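Asks: coords below, sequence missing:
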């Protein structure tokens, strides 16, 4: 007995069926790269906390910059904690007897900031890296202002202080540049 061949299967997709599939793919995080090449976390992975495998497109040298910042902040903090008078003498070329407590407090604050920098070296989260860079930029801006005011009060302009001010401006500009390039992605569509 001869069997009849079955007609080819025709799949019909309605508009609502396609929209439903797209929503499902978005929720599950399947194949979701945007125009910048970043893979966005799905709602499920956000709830479960599976975010390590999603890479952020980073500017060239960002991790090296954060590592250099972490090392510099740690070294300066340890110098301020261990050798406060010598650190003050180097920058302002002036000897003051009652500044060791305030410089040690400065060293403690720097050590706290260095912990944030070390966390920024190892994280994959874009928002944490951005906050790390923003904290660093705020520090450089505040240090520039405080050092400038101190130099005006003292009435002298030592070479070490000029070098410190110029380095803070350069570090601030580099940090803000990385912050800008890391956060310049397009806002997500809701």
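Replies: Arrived safely, thanks for sending. Please read all numbers here as calculations on a predicted model, not as lab measurements.

Asks: Residue 150 looks like it's in a helix, true?
Replies: Yes. When classified by DSSP: H, G, I helix; E, B strand; the rest coil, residue 150 is found to be part of a helix.

Asks: gap between it and residue 106?
Replies: Per CB to CB, to the nearest Å, residue 150 is found 12 Å from residue 106. C-beta: built from backbone N, CA, C; applies to glycine.

Asks: can you check residue 123 too?
Replies: 26 Å.

Asks: ok, these two, which is more surrounded?
Replies: residue 106 (20 against 17; other CB atoms under 10 Å).

Asks: Spit out the contact partners of that one.
Replies: The contact partners of residue 106, by CB atoms under 8 Å, 6 or more residues apart in numbering, come to residue 80.

Asks: now do residue 130
Replies: Counted by CB under 8 Å, 6+ apart, residue 130 has contacts 179, 182-183.

Asks: Would you mind checking which helix or strand in the chain has the lowest mean pLDDT?
Replies: Using mean pLDDT, DSSP states H and E, the weakest-scoring helix or strand in the chain turns out to be helix 43-48, at a mean of 57.

Asks: Which helix or strand lies directly C-terminal to that one?
Replies: Next in sequence after helix 43-48, counting helices and strands by DSSP states H and E, comes helix 62-82.

Asks: Report the secondary structure state of residue 156.
Replies: Residue 156 ends up coil, using three-state DSSP.

Asks: Quick check: buried residues in the helix or strand harbouring residue 121?
Replies: Here residue 121, judged by DSSP H and E, is contained in helix 100-122. Across helix 100-122, burial judged by 16 or more other CB atoms under 10 Å covers 103-104, 106-107, 110-111, 113-114, 116-121.

Asks: same question, stretch 130-146
Replies: 130-133, 135-137, 139-140, 143-144.

Asks: Going by distance to residue 67, which of those residues wins?
Replies: residue 132 (11.4 Å; CB to CB).
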